[in-house]
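Asker: Pasting the sequence and the predicted coordinates here, then a few questions.
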Amino acid sequence: MFNIVIFGAPGSGKGTQSDKIIERYGFMHVSSGELLRDHIAHDTQFGRIADSYISQGMLIPDELMIRILIDHLDANADRIKNGLILDGFPRTVNQAIEFDSGIDDHQISVDAVIGLEANDEELVKRLLKRGIDSGRTDDNLEVIQRRLKVYHDQTAPLRDYYLERGLYCPINGEGSVDDIFAAITRELDVRLMRKNANK
């Protein structure tokens, strides 16, 4: 099993590239954003708590995100065969440490972190367009700017955390979708071969 984290600021293309990675490698996609939106749409207890943070452009508490992730992994244990692609998790160094140490009975190691890197001006432009196209209420300028600040303050330190562990793969996230994906596959193919050779 090969597990990756796709990492980047809001609007960096994590969802788009995740779809392409899943199609090529057959990983199970775990999107924290989709999980949270599903809980909110179904008005669950988790969803109501999460919405009170997300609507303000804030990260939800680590404990809540980890609990939601555990429940999802438990419900889909039979689908985790080739590996996982974690999209939007971890979002803080504390979440990464908790995940690395094993959550409940899940001992899932991270094999690679794909870091989609783009400047804030480009990210704001993409997110505003997404808001117009999709009608997502959290894609307005005020919330976007707040989300980017939260990202730089709380999530960006993960880059150094994973760099120190030799797992971080920086990818230029400002090219075409296909060029970005080609760069990702070069990184993943090398790491997959290396892991298979060490079995």
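Answerer: Yes, it's here. Model, not experiment: these values are computed from the prediction.
Asker: So for Y161, what's the pLDDT?
Answerer: pLDDT recorded at Y161 is 95.
Asker: just checking, it touches V93?
Answerer: Yes: if you go by C-beta atoms under 8 Å, Y161 and V93 touch, sitting 5.2 Å apart. In this view, the C-beta of every residue, glycine as well, is placed from N, C-alpha and C.
Asker: For whichever strand or helix holds L73, what is the distance to the chain centroid?
Answerer: For L73, the host element (DSSP states H and E) is helix 62-75. The gap between where helix 62-75 is centred and where its chain is centred comes out at 14 Å by C-alpha atoms, centre = their mean, to the nearest Å.
Asker: C-terminal to it, which secondary structure element comes first?
Answerer: Proceeding N to C from helix 62-75, the next assigned helix or strand is strand 84-87, under DSSP H and E.
Asker: What residues of stretch 34-43 count as buried?
Answerer: Across stretch 34-43, burial judged by 16 or more other C-beta atoms under 10 Å covers L35, L36, R37, H39, I40.
Asker: Pull the contacting residues for the first one.
Answerer: What that stands for is L35. Neighbouring residues of L35 by C-beta atoms under 8 Å, 6 or more residues apart in numbering: I68, L69, H72.
Asker: What lies in contact with the helix holding L73?
Answerer: Residues from elsewhere that reach helix 62-75, judged by C-beta under 8 Å, 6+ apart: 30, 32, 35-36, 39, 46, 49-50, 59, 80, 89, 91-92, 94-95, 98-99, 103-104, 106, 108.
Asker: tell me the mean pLDDT for that helix?
Answerer: The model assigns helix 62-75 a mean pLDDT of 86.
Asker: And stretch 2-11, by the same measure?
Answerer: Per-residue scores along stretch 2-11 average to 92.
Asker: tell me how far that stretch is from the chain's mean position?
Answerer: Centre-to-centre, stretch 2-11 and its host chain are 4 Å apart (C-alpha atoms, centre = their mean).
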